[in-house]
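Student: Kindly return the folded structure for what I paste below:
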Amino acid sequence: MPADQLLEHRTDDRPGILLVDASMLDRIGELYDVPRHVVVVAADAEAQASLGRRAHMSVANVPNGAARRRLLRAACQLSCARFSALKRREAVQQREDELQELTRVGIGLMAERDRTTLLHKILDLGKRLTESDAGALVLAEPDEQLGQHLRLALYEVDSIPDLSEVAAEAWPIDDTTIFGHAAKSRKLLVIDDAYNLPPGVGFGQDESFDDHYGYRRRSMLIVPMVDHVDNLVGVLMFVNRKIDPSAKITGKEAADRYVIPYTSREVRLAHSLASHAAVSIENAELYARIERTLQSFVKAAVTAIDERDPTTAGHSVRVATLTIEIARVVDRENTGVFSPVRFTRDQFRELYFAALLHDFGKITVRDDVLMKAKKLPPVLWERLNARFDLIYRTIELDYERKRAAASCEPNRQAVLEALDRARIHDLQDLERFRRIAREANQPDVLAKAPHSALEEMATLRFVRPDGTSAPYLTEEELHFLQLPKGTLDATERAEVEAHVEETYRFLAGIPWTDDLSNLAKYAYAHHEKLNGSGYPRRLVAKDIPIQSRIMTIADMFDALTESDRPYKAAVSAETALDILRAEAKAGLLDANLVQLLAETKVYRKILDEDWRQF
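Tutor: Presented below is the predicted three-dimensional model:
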């Protein structure tokens, strides 16, 4: 090509030489833009002097025509060699780029554990790598009656954005369909025109889809997905490789204009993607089975623990459900204090398990403490009741003895009347004391001063049948009956509160995966309060993660609202919210979380729905 034409029409898609003479020297600066495979030849002495080392060859001092032709032929060969080397380097670079891309694809697919997301990623990546307008992914499914067959899992067509009407069809693994043939043969199929299939292939193109949507399926690439042990996982199909990514294939005319066959490059990429996809799908399904097993085991464990006390059955599942609902509200906040807070899918899962297992340590708490319904332990209440019965009989026996002795008295009638009055008074006092003890034995939600008569009862004594003296109320019984609220004294409360330490000890001893590494920590802090008055570590606000703060509120709300318990009556949702607001105002709970709970009413989920569904 002459120099002026090459400079006007620069190209790097073919070999070439550039002859430069004196007439081109005013444009010599443009030589820097000439492709490197083009050989620059000085045509005359002036050009040779101006070009210097920029000229690869010179014919200025070659007067013989034959020699000049040989020299120019050598320049052409040099350019061809350079161009060939350039194309080889580009091919090698393309292979390296493809390898890097497939490595990234493989890493990305292996890291994805959500099956639905994974299938979409596989198909989207395949369409992009093969420059396809459409793609389908079918999976192999076992069936006891039909045997293994294929079922459509995903179908996407860029030219048809909405394919919601496409049913999840199923095909046998045989030669009657393209999918079935590829699955049966385990071989990759490349079809240049699905409407002109070779004779005798056994399968044909179903034109009903194209007719219905005004589409035209022409070039196809069908790739079986086979795992490392040669098990069929499914089949990938890519349709209509396009020269223009934005083109819409709306019929035969558009297909003629934009659709081209698949080349060895797309075959190579699709084959590699199918291998990655097969392993990734199996990994995702294995992970899903492990996840279901873990969830079932955890739920069974916490349900068994909850049901040690039938009145609290389902508590852990409800707390986990409400905890996640509150966390979702926090995650959606775009303004205010929670706008920077975002939870990943793994973090939601970690928080759910932490909330499910937050009371796991209660397995170490004795039944008579865990299920203690009254202030007095059952054995002490039985002993107190028996003592009052004994006192009653003692009063009656003493009355009968004194009545018999009064028969000899000269003022017998007056003595008997006095004895009757004393008996009635003593029995009334005894009944009053019994009533006071019964009322004092009932737990209070809020702190309440003990009845003053309890101290009086502890000072009273009666004579037992063996002649020894005993108090109406023992020191141990007085101790329990004077509890200001709840049913537990300090020792029993410490035993119950120790369940948090035991929960952490159990959970911290389990080798959780990295995505569950904070599970024990979140459960450990679910009884901590922002002002440092909680337990067991007396943490303050800055040391309590938001996950634990959420769990604390969910735990308290469920404990307040869920059914009557022996030691307290259930309260309404509004009353429970009032109690939570009071706790937040006192600096114990996160006021912003309590406000979100009240405003969004997400607590209705555990009040209105059967907890066994979760």
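
Student: drop to CA atoms for contacts and neighbour counts, all remaining ones
Tutor: Noted.

Student: count of neighbours near Glu156?
Tutor: Around Glu156 sit 22 other residues, with neighbours defined as other CA atoms under 10 Å.

Student: Tell me which other helices or strands the helix or strand containing it touches.
Tutor: Glu156 belongs to strand 149-157 when elements are defined using DSSP states H and E. Applying 3 or more CA pairs under 8 Å, 6 or more residues apart in numbering; DSSP states H and E, one finds that strand 149-157 contacts helix 115-130, strand 132-141, strand 170-172.

Student: Okay, buried residues for it please.
Tutor: Using 16 or more other CA atoms under 10 Å as the test for burial, strand 149-157 gives 149-157.

Student: Which member of those is positioned nearest Phe480?
Tutor: Nearest to Phe480 out of the buried residues of strand 149-157 is Ala153 (CA to CA; 65.0 Å).

Student: so the closest one sits right up against Val138, yeah?
Tutor: Yes - Ala153 is within contact range of Val138, at 5.2 Å (criterion: CA atoms under 8 Å).

Student: And the strands in the stretch 401-550 of the chain, which stretches?
Tutor: 461-463, 469-471 (DSSP state E, counting those that start in this stretch).

Student: Turn the ones you listed into JSON lines, columns for mean neighbour count and distance to Asp578.
Tutor: As requested, those are exported to JSON lines (neighbours: other CA atoms under 10 Å; distance: least, CA to CA, whole Å):
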{"stretch": "strand 461-463", "mean neighbour count": "15", "distance to Asp578": "45"}
{"stretch": "strand 469-471", "mean neighbour count": "13", "distance to Asp578": "43"}
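
Student: and those strands as a markdown table, adding distance to Arg104 and mean pLDDT?
Tutor: Below are the strands of the stretch 401-550 of the chain laid out as a markdown table (distance: least, CA to CA, whole Å; pLDDT from 0 to 100):
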| stretch | distance to Arg104 | mean pLDDT |
| --- | --- | --- |
| strand 461-463 | 86 | 90 |
| strand 469-471 | 82 | 90 |
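
Student: Ok, which of the ones you listed comes nearest Ile191?
Tutor: Going by CA to CA, the one of the strands of the stretch 401-550 of the chain nearest Ile191 is strand 469-471, 100.7 Å.

Student: What are the phi and psi values at Glu599?
Tutor: Torsion angles at Glu599 (phi, psi; degrees, to the nearest 10) stand at phi -70, psi -40.

Student: what about it, distance to Pro35?
Tutor: If you measure Glu599 against Pro35 using CA to CA, to the nearest Å, the figure is 68 Å.

Student: ok, those two, which is more surrounded?
Tutor: Pro35 (16 against 9).

Student: neighbours around Leu129, how many?
Tutor: Neighbour tally, Leu129, other CA under 10 Å: 18.

Student: Likewise for Tyr524?
Tutor: For Tyr524, the neighbour count with other CA under 10 Å is 27.

Student: Would you map the strands across the stretch 151-300 of the chain?
Tutor: With strands called from DSSP E, counting those that start in this stretch, the stretch 151-300 of the chain shows them at 170-172, 189-191, 220-226, 232-242, 259-260.

Student: you'd agree Leu596 is in a helix?
Tutor: Yes - applying DSSP: H, G, I helix; E, B strand; the rest coil, one finds Leu596 inside a helix.

Student: what's near enough to touch it?
Tutor: Residues near Leu596 by CA atoms under 8 Å, 6 or more residues apart in numbering: 326, 329.

Student: Also Glu46?
Tutor: Shown in contact with Glu46 (CA under 8 Å, 6+ apart): 21-22.

Student: if I look at it, how far off is Asp21?
Tutor: Glu46 is 7 Å from Asp21, by CA to CA.

Student: What residues of the one helix or strand Thr323 maps to count as buried?
Tutor: Here Thr323, judged by DSSP H and E, is contained in helix 315-332. Applying a neighbour-count criterion of 16+ other CA under 10 Å, one finds 315-327, 330-331 buried in helix 315-332.

Student: Quick check: Ala470 touching Arg464?
Tutor: Yes - shown here, Ala470 and Arg464 form a contact pair, counting by CA under 8 Å, at 7.0 Å.

Student: hmm, back to that, would you turn the strands of the stretch 151-300 of the chain into a markdown table with mean neighbour count and mean pLDDT?
Tutor: Listed next are those as a markdown table, based on neighbours: other CA atoms under 10 Å; pLDDT from 0 to 100:
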| stretch | mean neighbour count | mean pLDDT |
| --- | --- | --- |
| strand 170-172 | 18 | 84 |
| strand 189-191 | 18 | 92 |
| strand 220-226 | 26 | 93 |
| strand 232-242 | 26 | 93 |
| strand 259-260 | 22 | 94 |
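
Student: will you turn these into JSON lines that also has distance to Ser339?
Tutor: Output for the strands of the stretch 151-300 of the chain, formatted as JSON lines (distance: least, CA to CA, whole Å):
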{"stretch": "strand 170-172", "distance to Ser339": "46"}
{"stretch": "strand 189-191", "distance to Ser339": "51"}
{"stretch": "strand 220-226", "distance to Ser339": "43"}
{"stretch": "strand 232-242", "distance to Ser339": "41"}
{"stretch": "strand 259-260", "distance to Ser339": "47"}
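
Student: Can you tell me which of these is nearest to Gly214?
Tutor: For the strands of the stretch 151-300 of the chain, proximity to Gly214 was assessed by CA to CA; strand 232-242 is nearest, at 14.3 Å.

Student: what's the closest one packed up against?
Tutor: helix 115-130, strand 132-141, helix 178-185, strand 220-226, strand 259-260, helix 264-306.

Student: could you dump the fourth one to CSV, C-alpha only?
Tutor: Taking C-alpha atoms only, strand 220-226 is exported to CSV below (Å, rounded to 0.1, in the frame of the first residue of the first chain):
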residue,chain,number,x,y,z
MET,A,220,-27.2,-23.5,19.7
LEU,A,221,-24.6,-24.8,22.0
ILE,A,222,-25.7,-27.6,24.3
VAL,A,223,-23.3,-28.8,27.1
PRO,A,224,-23.8,-31.6,29.6
MET,A,225,-22.9,-30.8,33.2
VAL,A,226,-21.0,-33.8,34.6
